[in-house]
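> Generate a structure from the sequence data that follows.
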Amino acid sequence: MAENVAAQSLMTGLLDPTYQTNQKTDLKRRRFRRCKSAPLAEFVPGDFIGTGSLPRSESIFDSIHPSFRKVAIYLAVYLGIGTVCFSIVRHQIQGKKTNGILDSVYFCIVTMTTVGYGDLVPNSTPTKLLACAFVFSGMALFGLILSKAADYLVEKQEILLVKALHIHQKVGPTEILKEIEINKVRYKCFMVLAFLLVLIIAGTIFLVTVEKLDLVDAFYCVCCTITTLGYGDKSFSTKRGRVFAIFWILTSTICLALFFLYLAELNTESRQRALVILKEIEINKVRYKCFMVLAFLLVLIIAGTIFLVTVEKLDLVDAFYCVCCTITTLGYGDKSFSTKRGRVFAIFWIVTSTICLALFFLYLAELNTESRQRALAKRILTKRVTNQDLEVADIDNDGDVGAAEFILYKLKEMGKIKQEDISLVMEEFENLDVDQSGTLSASDIILAQSSPPGSCR
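Residues are numbered from 1 along each chain as shown. This next block holds a predicted model:
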């Protein structure tokens, strides 16, 4: 009986917007008392509770997201170590050179982003092995950048969940927040696309004016660079050009990756809006896929190395070096498939191996994101419930929290369900509850199915 009363009060608060409006004054009064006598709720960031708090002085570094600070540190360490290493072996790197330090930084950037023009290539066994190590660590760093960007987006979604709860209590319809969130992702996508176009135009103009390429070759070089294709026939060869390339290549490739990331996020949110409740993906399934792809990738690396040794007659180091340059799309151009049999093999092997490597980093990022989400859910479930939590969970403001209210509160706090999901379910409930009794019966279902759409309410 008590459960029916709790369910009835819960449905009343969810179904009847006027009920929540009538309780708004009492709710604000209760929250005002809490703010004066107790610390802020644990789950709500301080930035979202009121606007009257005293401004806190922050340095420019405090405003940077911690994940991005870590990425910046890792990138600086990578470039520093790479510059030192390649400066030491600079005499074992052949190609058109301008300045020792500048060429080392330029070579690091070209290697990390897997552009690999071929204007600077390793010319000894140690430098080739060093390049193999740096291209894989560079791709891991690049994957880390995208993973941290994905984590940042997940955190933004978690914050938006908290905002949604408060905005719903103050404003009412959650469709407003839904539109804002959708447009925000779309806005970021358009902004990154616009910035990418600016970088493409700037790179093209620079290559025309400084590197003295014609317009078509300049645009061709820009496209090969930002997509990390790097055939090697066109590149930055002057000292001024390589200074520009150090910053431009890194910015443009990251910008292109972010553009595809935001496109994927936009597509994901479209799919999420089409679903009522998202199915939870098991983390073991992702880990299994990750290990399977890694095993298949190792098989492809071994197969490619053996093929290059036996068919293309390369030594073991050159074969492994060529495999690493190929599957990472580095493509310096000094080692390749040159025989007829080799190119037949390469047609299938290159496509399979590059896709396999991309899938491996994708599953790694997915595994990292899901682990983080599970850690969040575990932290929320093991957190001690306070009086503040009970006040937030008390949807109908009757002073008691029923099982249904507590479950909804926990699910929303973990991010497993959104207010808009609840609204969709309750809208369907309203349509089926023909007699407006607050419960569903067989007669309600029959009447709802026999009535034309829109005539039940």
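
> Settle this for me: Ile200 is touching Cys224, isn't it.
No. Using CB atoms under 8 Å, Ile200 is not in contact with Cys224; the gap is 11.9 Å. Heads up, the C-betas are built off the backbone N, CA and C, glycines and all.

> can you tell me the helix or strand for Tyr187?
Assigned by DSSP states H and E, Tyr187 falls within helix 175-209.

> Show me what that helix is packed up against.
On a contact count with 3 or more CB pairs under 8 Å, 6 or more residues apart in numbering; DSSP states H and E, helix 175-209 meets helix 125-170, helix 215-226, helix 239-274, helix 419-432.

> measure the nearest residue to Ile200 once chain neighbours are set aside to Asp435 for me?
Of all residues not flanking Ile200 in the chain, Val222 sits nearest, at 5.5 Å (CB to CB, 6 or more residues apart in numbering). Val222 sits 67 Å away from Asp435, going by CB to CB, to the nearest Å.

> Those two: which has the busier surroundings?
More crowded of Val222 and Asp435, by other CB atoms under 10 Å: Val222, with 23 against 12.

> dump the residue contacts of that one.
Each residue near Val222 by CB atoms under 8 Å, 6 or more residues apart in numbering is listed here: 200, 203-204, 207, 252.

> let's see 6 Å
200, 203-204 (CB atoms under 6 Å, 6 or more residues apart in numbering).

> Adding neighbour count and distance to Val385, write those out as CSV.
Output for the contacts of Val222, formatted as CSV (neighbours: other CB atoms under 10 Å; distance: CB to CB, whole Å):
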residue, neighbour count, distance to Val385
Ile200, 18, 54
Gly203, 24, 56
Thr204, 20, 59
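
> right, and out of those residues, which lies closest to Thr328?
Closest approach to Thr328 among the contacts of Val222 (CB to CB): Gly203, at 22.2 Å.

> Do you know the pLDDT at the nearest residue to the closest one once chain neighbours are set aside?
Of all residues not flanking Gly203 in the chain, Val222 sits nearest, at 4.4 Å (CB to CB, 6+ apart). The model reports Val222 with a pLDDT of 86.

> Kindly report the same for Gly172.
Reported pLDDT for Gly172: 46.

> swap in the one 4 residues further on?
Looking at Ile176, its pLDDT is 48.

> Please apply the same query to the one 3 residues further on.
Glu179 is assigned a predicted lDDT (pLDDT) of 52.

> And for the one 4 residues further on?
Asn183 is assigned 63 on the pLDDT scale.

> Same question for Gly46.
So, for Gly46, pLDDT stands at 44.

> ok, now Gly50?
Confidence score, pLDDT, at Gly50: 43.

> same deal with Val208?
Taking Val208 on its own, its pLDDT is 91.

> who touches it in this structure?
Val208 neighbours (CB under 6 Å, 6+ apart): Ala218.

> again, but for Val105
83, 246.

> any idea how far Lys410 is from the closest residue to Met112 other than its chain neighbours?
Nearest residue to Met112, sequence neighbours excluded (CB to CB, 6+ apart): Gly138, at 3.2 Å. Computed as CB to CB, the Gly138 to Lys410 distance reads 42 Å.

> okay, those two: which has more neighbours?
Gly138 (24 against 18).

> Thought Thr113 was touching the more buried one, still the case?
No. Using CB atoms under 6 Å, Gly138 is not in contact with Thr113, being 7.3 Å away.

> Just name the closest of the contacts of Val222 to Phe134, please.
So of the contacts of Val222, ranked by how close each gets to Phe134 (CB to CB), first place is Gly203, at 23.9 Å.

> pLDDT at that closest one, what is it?
91.

> Please list all residues in contact with Val311.
341-342.

> Quick check: it vs Gly304, distance?
Applying CB to CB to Val311 and Gly304 gives a distance of 11 Å.

> cool, Ile350 as well?
The value you get for Ile350 to Gly304, if CB to CB is used, is 9 Å.

> neighbour-wise, which of these two wins?
More crowded of Ile350 and Gly304, by other CB under 10 Å: Gly304, with 24 against 18.

> how about the helices in the stretch 1-150 of the chain?
Taking DSSP state H, counting those that start in this stretch as the criterion, the stretch 1-150 of the chain contains helices spanning 2-15, 17-22, 24-37, 66-88, 100-112, 125-170.

> lowest-confidence stretch among the ones you listed?
Lowest mean pLDDT within these: helix 24-37, a mean of 41.

> Tell me where the stretch 251-400 of the chain is predicted with low confidence.
Along the stretch 251-400 of the chain, the model assigns pLDDT under 70 to residues 268-284, 332, 376-377, 380-381, 395-396.

> re earlier: switch the helices and strands packed on helix 175-209 over to JSON lines; also include distance to Arg341.
Listed next are the helices and strands packed on helix 175-209 as JSON lines, based on distance: least, CB to CB, whole Å:
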{"stretch": "helix 125-170", "distance to Arg341": "24"}
{"stretch": "helix 215-226", "distance to Arg341": "27"}
{"stretch": "helix 239-274", "distance to Arg341": "34"}
{"stretch": "helix 419-432", "distance to Arg341": "56"}
